[in-house]
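Visitor: Provided below for reference: sequence and predicted model.
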Amino acid sequence: MNLFENMETIYLTIVLAPLIGSIIAGMGGKLIGRNGAHRVTILAVGISSILSLIAYYNIFYNGGEIYNATIYTWLNSGNLHFEIGFLVDQLSVTMMVVVTFVSWMIHIYTIGYMHDDPGYQRFFSYISLFTFSMLMLVMANNFLQLFFGWEAVGLVSYLLIGFWYKRESAIFANMKAFLVNRIGDFGFLLGIAAVLMHFQSMDYIEVFEQAPALAEATVNIWGDESWSLMSVICICLFIGAMGKSAQVPLHVWLPDSMEGPTPISALIHAATMVTAGIFMVSRMSPLFELSETALNFILIIGATTAFFMGLLGLVQNDIKRVIAYSTLSQLGYMTVALGASAYAASMFHLTTHAFFKALLFLAAGSVIIAMHHEQDMRKMGGLYKYLPITWITCFVGAIALIGFPGTAGFFSKDAIIEAVHLSTLPAAGYAYYAVLSGVFITALYTFRLFFMTFHGEERMDKHVWEHLHESPWVVTFPLVVLAIPSLIIGAWLGGPMLFGDYFAGTIQVAESHNVLQEMGHHYHGEWYAVAWQFFVHGVFKNPVVVLLALSGVFTAWLLYIKFPDVPEKIATSLGPIYRILENNYGFDAFNQKVFAGGTKAIGKLLWQIGDVKLIDGLIVNGSALSVRWFSGVIRQIQTGYLYHYAFAMILGLLFLLATFVVFVYKLI
């Protein structure tokens, strides 16, 4: 039997296996126990990962056709069809491999990290459900299913960030993530509604085919002012991406998501939720290419995030928060690539980043285990002697993150920098200098973390020091596995993904925006010669990037190894600037006082006016008081005395007689 004969069954299995594993782990209880929970979910996600690799092989090496089909129709309303279906092409199958493989490694890692946690089974159920939700998102062939997956990853992230629900900080963090994403999702929903209204379809292919005909269409949002329909749709969709992919100013939820266990920090930040926005914009490239306004907007937001969020990583002392701000910055790089129409470069960096960022988070988790759940880097130091596997794998992740020549990050990050350099859009100049400066900043905060954690003076307390040892194999095995693609996947995928036909027919780029095509004129080798070509032929022609990265490493060595007293003096001398960075540029305070505080004040005012005074005071209590007053008046008539009733009857009779006389008089 040919394995590739019934790909629909394979695709259904890829999606449903994690869901089934999640249900069994979550509902199994004592029937399957703790061991059963991790076995069934690891098996399920492992099946998805292996089948995703088979699907990848089928599309790229076996000549398999792109799969686009409806699984079932959810609702018909007139000419509109709301369906559940899959689109498996070069873009989605790449995401499927990344999501399932990284998730598989994190599932294995979780056995060691969550070993003593009372919510062990619940956690495995959640992370498997997270994988299912992300697969539904990336495999969708229509906006309805995209929105389902979009909201599902948001829901499960809420459950996972607040997994330790007895912690006040965790409750605050998951509510913050949920509310901030609702703001982005409101824009996203408006974008989908605009697509439905003007295209009369939710199907990707139908919408993309109609898009050129509506490129010049305008809409009136208010007054007589005309707005480009494509700009409105694309900006609304991108606002959704700003929430999910944590772009300024909707980035504030992501650092606080560190309140969840480390495995979920790795899963959210590396391969699932935060990459959803990048994937969505890449998928919508036929729409975004019709709006330079939207592309410029994306460039500005991405560049601002890449540079300014990187600066915040320099002042963090929590090991996980440093990596969280690194994620924010790297998502900014991916977003900049989207704005420069280098969608392939953005997806390339998404792919490489998924491996080395998951590696860094899991390495941080290994350190946290060894340090008895201490996360402050100021209480670490010299750990390389006690955690050799964690040390070397973290070093691999660090050099990949800074873009050291030959590593995965070198190819993907440099491609983005050169792409935005070649872009002719008005915002490209600002974006170029922002991402170029970010190279030095990335190297500085990355090796600040590395040196403070693994080198220099040992600053841990005696009890922790006496019990320091390497993490168990279920923790170190995923580290070693993730370190391999962090080193080699850039050289393997760089040429085909950036300059070949890897995304042919999937990602569409206007000829005037095709910066990668211009870069490709300097590339002549196969994948195995990519690194050589980059050095000799100078594909990126920008040695400044490598020099900036090495300068950042050297500066970190000077500040945290050679002269460890200097950073504190610098922080003191900077004064207000340092406090601004410590306070996240005031975003949290502003949101809490203005948005949250303002919303509470408005709610309290509306409660006083609407609920207390209008509803309770006027309608409910007012009605009761009116009836009471009227009843009191009527009660005075009902005295029980016979002469009162006789007098009333006489008055009534006189009234009737008078009425009769007047009526007769008018007739005469």
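Guide: Nice, thanks for sending it over.

Visitor: Where in this protein is the helix or strand with the lowest mean pLDDT?
Guide: Every helix and strand in the chain was compared by mean pLDDT, DSSP states H and E; the lowest is helix 530-536, with a mean of 45.

Visitor: Need the residue closest to the centroid of this structure.
Guide: Central residue of the chain (CA atoms, centre = their mean): V274, 2.6 Å from the mean position.

Visitor: Just the element for that residue, please.
Guide: helix 273-283 (DSSP states H and E).

Visitor: and that helix, average pLDDT?
Guide: In this model, helix 273-283 has a mean pLDDT of 92.

Visitor: can you check stretch 358-367 too?
Guide: pLDDT averaged over stretch 358-367 gives 92.

Visitor: Can you list the neighbours in contact with it?
Guide: 102, 105-106, 109, 113, 262-263, 265-267, 269-271, 319-320, 323, 326, 380, 383, 387, 390, 393-394, 396-398, 400-401, 453, 471, 475-476, 478-479, 482-483, 486 (CB atoms under 8 Å, 6 or more residues apart in numbering). To be clear about C-beta, it is placed using only N, CA and C from the backbone, and glycine gets the same treatment.

Visitor: tally of neighbours for the closest residue to the residue nearest to the centre of the chain other than its chain neighbours?
Guide: The shortest distance from V274 to any non-neighbouring residue, by CB to CB, 6 or more residues apart in numbering, is to S245 (5.2 Å). By other CB atoms under 10 Å, 32 other residues sit near S245.

Visitor: Kindly report the same for R182.
Guide: 13.

Visitor: and it, what is it in contact with?
Guide: Counting by CB under 8 Å, 6+ apart, R182 has contacts G243.

Visitor: give me phi/psi at R167?
Guide: phi -90, psi 130 (degrees, to the nearest 10).

Visitor: helix or strand right after the least confident helix or strand of the chain?
Guide: Past helix 530-536, the next helix or strand by DSSP H and E is helix 543-557.

Visitor: The helix or strand just after that next one: which residues count as buried?
Guide: The helix or strand immediately downstream of helix 543-557 is helix 566-574, counting by DSSP H and E. If you call a residue buried by 16 or more other CB atoms under 10 Å, then helix 566-574 has these buried ones: 567, 571.

Visitor: Stretch 244-255 too?
Guide: Neighbour counts using 16+ other CB under 10 Å place 244-248, 250-255 of stretch 244-255 among the buried residues.

Visitor: List the ones among these that fall in helices.
Guide: 244, 253-255 (DSSP state H).

Visitor: Tabulate the residues you listed in JSON lines, adding columns for pLDDT and distance to T70.
Guide: Formatted as JSON lines, those follow (pLDDT from 0 to 100; distance: CB to CB, whole Å):
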{"residue": "K244", "pLDDT": "90", "distance to T70": "25"}
{"residue": "W253", "pLDDT": "89", "distance to T70": "34"}
{"residue": "L254", "pLDDT": "89", "distance to T70": "35"}
{"residue": "P255", "pLDDT": "87", "distance to T70": "40"}
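
Visitor: Nearest to I84 among those?
Guide: For those, the residue nearest I84 by CB to CB is K244; the value is 20.8 Å.

Visitor: got a list of what the closest one touches?
Guide: 150, 153-154, 181, 184, 273-274, 276-277, 280.

Visitor: Give me the PyMOL select line for the residues you listed, limited to the buried ones.
Guide: To isolate the buried members of the contacts of K244 in PyMOL, using 16+ other CB under 10 Å:
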select buried, resi 150+153+154+181+184+273+274+276+277+280
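
Visitor: Test my guess that the residue nearest to the centre of the chain contacts H251.
Guide: No - the criterion here is CB atoms under 8 Å, and V274 misses it with H251 at 10.1 Å.

Visitor: Redo the contacts of K244 as CSV? Include distance to T442.
Guide: CSV is the format used below for the contacts of K244 (distance: CB to CB, whole Å):
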residue, distance to T442
W150, 29
V153, 26
G154, 28
N181, 26
G184, 25
M273, 22
V274, 17
A276, 23
G277, 20
M280, 25
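
Visitor: host element of I10?
Guide: For I10, the host element (DSSP H and E) is helix 7-28.

Visitor: buried residues in that helix?
Guide: Going by neighbour count (16+ other CB under 10 Å), the buried part of helix 7-28 is 7, 10-11, 14-26.

Visitor: after the longest helix that the chain contains comes which helix or strand?
Guide: Criterion DSSP H: the longest helix present in the chain is helix 168-199. Using DSSP H and E, the helix or strand that follows helix 168-199 in sequence is helix 204-210.

Visitor: Using CSV, write down the CA coordinates of that following helix.
Guide: As requested, the backbone C-alpha atoms of helix 204-210 are provided in CSV (Å, rounded to 0.1, in the frame of the first residue of the first chain):
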residue,chain,number,x,y,z
TYR,A,204,-8.8,31.8,1.1
ILE,A,205,-8.5,31.0,-2.5
GLU,A,206,-11.7,32.7,-3.6
VAL,A,207,-10.8,35.8,-1.6
PHE,A,208,-7.2,35.9,-3.1
GLU,A,209,-8.6,35.5,-6.6
GLN,A,210,-11.0,38.4,-6.2
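
Visitor: Show residues contacting that helix.
Guide: 68, 87, 140-143, 195, 199, 201, 283, 286-287, 508.

Visitor: Please tabulate those residues in CSV and include distance to P543 as additional columns.
Guide: CSV is the format used below for these (distance: CB to CB, whole Å):
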residue, distance to P543
N68, 44
L87, 41
A140, 42
N141, 44
N142, 46
F143, 44
V195, 44
F199, 47
S201, 49
R283, 35
P286, 36
L287, 37
Q508, 33
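
Visitor: Give me the buried entries from those residues.
Guide: Buried members of the contacts of helix 204-210, counted by 16+ other CB under 10 Å: 87, 140-143, 195, 199, 201, 283, 286-287, 508.

Visitor: With respect to I54, which of those residues is nearest?
Guide: Of all the buried ones among the contacts of helix 204-210, I54 sits closest to L87, with 17.6 Å by CB to CB.

Visitor: Please identify which helix or strand holds the closest one.
Guide: L87 belongs to strand 80-88 when assigned by DSSP H and E.

Visitor: Return the distance of the following helix or strand past that strand from the chain's centre.
Guide: Next along the chain after strand 80-88, taking DSSP H and E as the criterion, comes helix 90-113. Relative to the chain's own centre, helix 90-113 is displaced by 16 Å; criterion: CA atoms, centre = their mean, to the nearest Å.

Visitor: Likewise for stretch 252-269?
Guide: The answer for stretch 252-269 is 10 Å, by CA atoms, centre = their mean.

Visitor: ditto for stretch 112-126
Guide: With CA atoms, centre = their mean, you get 23 Å for stretch 112-126.

Visitor: what's the spacing between L625 and I634?
Guide: As judged by CB to CB, to the nearest Å, L625 and I634 stand 15 Å apart.

Visitor: Among the two, which residue is more densely surrounded?
Guide: The residue with more neighbours, out of L625 and I634, is L625; 12 against 9, by other CB under 10 Å.

Visitor: Next one: the more buried one from I619, what distance?
Guide: With CB to CB as the criterion, L625 and I619 are 11 Å apart.

Visitor: What of F587?
Guide: For F587, the distance to I619 (CB to CB) stands at 41 Å.

Visitor: Likewise for Y158?
Guide: Where I619 is concerned, Y158 sits at a distance of 37 Å (CB to CB).

Visitor: More neighbours: these two, which one.
Guide: Y158 (19 against 11).

Visitor: What is the distance between whichever strand or helix holds the more buried one and the centre of its chain?
Guide: With secondary structure defined by DSSP H and E, Y158 is part of helix 143-161. Put simply, helix 143-161 sits 10 Å off its chain's centre (CA atoms, centre = their mean).

Visitor: next one: stretch 643-651
Guide: On CA atoms, centre = their mean, the centre of stretch 643-651 falls 82 Å from the chain's centre.

Visitor: With just CA atoms, put that stretch into PDB.
Guide: Extracted in PDB, the C-alpha atoms of stretch 643-651 (Å, rounded to 0.1, in the frame of the first residue of the first chain):
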ATOM      1  CA  TYR A 643     -72.500  58.100  54.500                       C
ATOM      2  CA  HIS A 644     -69.200  58.500  52.600                       C
ATOM      3  CA  TYR A 645     -70.300  55.900  50.000                       C
ATOM      4  CA  ALA A 646     -73.800  57.600  49.700                       C
ATOM      5  CA  PHE A 647     -72.100  61.000  49.200                       C
ATOM      6  CA  ALA A 648     -69.900  59.500  46.500                       C
ATOM      7  CA  MET A 649     -72.900  58.000  44.800                       C
ATOM      8  CA  ILE A 650     -74.700  61.300  44.800                       C
ATOM      9  CA  LEU A 651     -71.700  63.100  43.300                       C
END
